[in-house]
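> Quick one, structure for this:
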Amino acid sequence: MSFEQGFLASHPLPTGIVGALGIGGYQLLADVAGVGAGRLGSHIFLLVAADPDPNIPDPGTQISLHQPKLKDETDAVAFTQLAAQLGYMRLSGYRLSLERFGLRSKIHLVNPATGGVVATIPDRHPGKLFGGGVTASRLLATARSLPPAGPPPDTANPELMRQVLLALALRDESVSGAEAADVADRALALLQTKALDPPAAIEAAKQGES
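Numbers count the residues shown, from 1 in each chain. Just a heads-up that it's a prediction; the model follows:
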């Protein structure tokens with residue numbers, strides 16, 4: 001399943017969820033392959049567009065890992081990187097299965113080769129009352145440790161490849177969210193003229209190669 005660039009921007013959360021959670025007018029920090037991070041004030045959360053399901057006519061965009069009180073800016077960076085990582089994994093073959101609990105949904109990361117769930121993103125940040133053991137940073141580390149689900153994305157598809165490069169740029173700690181789109185565009189131009197793989201193209205773009 002593929003999602004065009006900017007899918008979440010054009011398919012926002014339903015108004016009922018936005019109103020009930022008090023996050024109207026949220027900012028998208030990331031938007032890759034139907035996965036993103038959203039923020040409004042102290043609220044930070046993941047957004048995921050569900051895969052089409054014949055049993056659910058319009059599953060819509062759903063919210064997960066909602067943290068109502070952002071502690072510091074490193075949390076926002078971790079949410080952005082986690083969204084980018086999940087988007088990258090979706091582009092490279094993993095499926096994202098959503099399980100709704102009230103207004104929020106758990107995200108199950110499914111390896112299509114086995115049909116098994118290899119990781120789960122909870123529907124909300126547990127907070128101090130629940131031990132605070134689940135954080136975006138720890139979930140990011142878990143996602144990064146998983147093996148590829150299939151062959152690398154098709155480098156001959158510019159639309160797909162730009163999303164792959166954007167995901168790689170957004171999850172790079174040395175690239176700010178504001179710079180990520182420019183880095184991805186420069187990397188895409190490099191791929192058209194040089195024999196590089198996507199990570200190498202990102203590194204070259206960061207160094208200013210042309």
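
> Any chance of the backbone angles for the most centrally placed residue in the chain?
For the chain, the residue whose C-alpha lies nearest the mean C-alpha position (Cα atoms, centre = their mean) is Ala83; its distance is 2.3 Å. Ala83 adopts backbone torsions of phi -60, psi -40, taken as degrees, to the nearest 10.

> so it makes contact with Ala33?
No: counting by Cβ atoms under 8 Å, Ala33 is not a contact partner of Ala83; they are 9.7 Å apart. In this view, the C-beta of every residue, glycine as well, is placed from N, C-alpha and C.

> coming back round to it: model confidence for the residue nearest to the centre of the chain, exactly?
On the pLDDT scale, Ala83 is placed at 96.

> same check, this time on the one 5 residues further on
The model reports Tyr88 with a pLDDT of 92.

> What of Ser42?
In this model, Ser42 carries a pLDDT of 93.

> show me what contacts it?
Residues near Ser42 by Cβ atoms under 8 Å, 6 or more residues apart in numbering: Pro68, Lys69, Leu70.

> Contacts only, for the residue nearest to the centre of the chain.
Leu29, Ala30, Val32, Val35, Gly36, Ala37, Leu46, Leu47, Leu170.

> Would you mind giving these as a markdown table with distance to Gln62 and pLDDT added?
Listed next are the contacts of Ala83 as a markdown table, based on distance: Cβ to Cβ, whole Å; pLDDT from 0 to 100:
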| residue | distance to Gln62 | pLDDT |
| --- | --- | --- |
| Leu29 | 17 | 93 |
| Ala30 | 16 | 93 |
| Val32 | 16 | 94 |
| Val35 | 11 | 97 |
| Gly36 | 11 | 96 |
| Ala37 | 14 | 96 |
| Leu46 | 9 | 97 |
| Leu47 | 7 | 96 |
| Leu170 | 20 | 93 |
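
> mind listing which of these are in helices?
Leu170 (DSSP state H).

> any idea which of the contacts of Ser42 is closest to Thr120?
Of all those, Pro68 has the smallest distance to Thr120: 20.6 Å, by Cβ to Cβ.

> Any buried residues in stretch 174-182, and which?
Using 16 or more other Cβ atoms under 10 Å as the test for burial, stretch 174-182 gives Val175, Gly177, Ala180.
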